[in-house]
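Engineer: below is the structure, and that's it, no one-letter string:
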């Protein structure tokens, strides 16, 4: 979607499994991509680039699927965060908090709430700041 947005728009296989995007001819995988309309001249050039990438990535018959992280079997979130530079899209609701419609401390409180970062009794208990007996709900007196 990110590399070939115009092809993604006209793909009729947006939610298809890889198994439904080709077949084995003997031991060789043949990609079969489908479109909602005839691809344009510009899209044909992109399709050539896509097929060049796909020709290096294909299922292998008779082998069980595995997940590898950079050729290793171990995966860690820390390693992922180190290696990925993803531009984070800010949710429109979160960004509307900062429109000067309320005092700054109210906006900040709302921002924390929308991000799920308010230090509620339950969060403080999980973080080890409150003891077990201090984490009861103020309204119903049940343990969180």
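Structural biologist: Cool, the structure landed. Just so it is clear, the model here is predicted, and its values are computed rather than measured.
Engineer: break down this structure into its strands, ranges please.
Structural biologist: All strands of the chain, identified by DSSP state E, fall at 22-25, 28-31.
Engineer: okay, these in JSON lines with mean pLDDT, distance to residue 8 and mean neighbour count next?
Structural biologist: C-betas here are computed from N, CA, C, even on glycine. Conversion of the strands of the chain to JSON lines gives the following (pLDDT from 0 to 100; distance: least, C-beta to C-beta, whole Å; neighbours: other C-beta atoms under 10 Å):
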{"stretch": "strand 22-25", "mean pLDDT": "91", "distance to residue 8": "17", "mean neighbour count": "12"}
{"stretch": "strand 28-31", "mean pLDDT": "92", "distance to residue 8": "15", "mean neighbour count": "13"}
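Engineer: which of these sits closest to residue 4?
Structural biologist: Set against residue 4 and scored by C-beta to C-beta, the strands of the chain come closest in strand 28-31, at 13.7 Å.
Engineer: what's in contact with that closest one?
Structural biologist: Applying C-beta atoms under 8 Å, 6 or more residues apart in numbering, the external contacts of strand 28-31 come out as 21, 22, 23, 24, 51, 54, 55, 58, 59, 60, 61.
Engineer: nearest residue to the first one other than its sequence neighbours?
Structural biologist: What that stands for is residue 21. Closest residue to residue 21 apart from its sequence neighbours, by C-beta to C-beta, 6 or more residues apart in numbering: residue 13 at 5.7 Å.
Engineer: can you select the buried ones from the contacts of strand 28-31 in PyMOL?
Structural biologist: Per 16 or more other C-beta atoms under 10 Å, the buried members of the contacts of strand 28-31 correspond to this PyMOL selection:
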select buried, resi 21
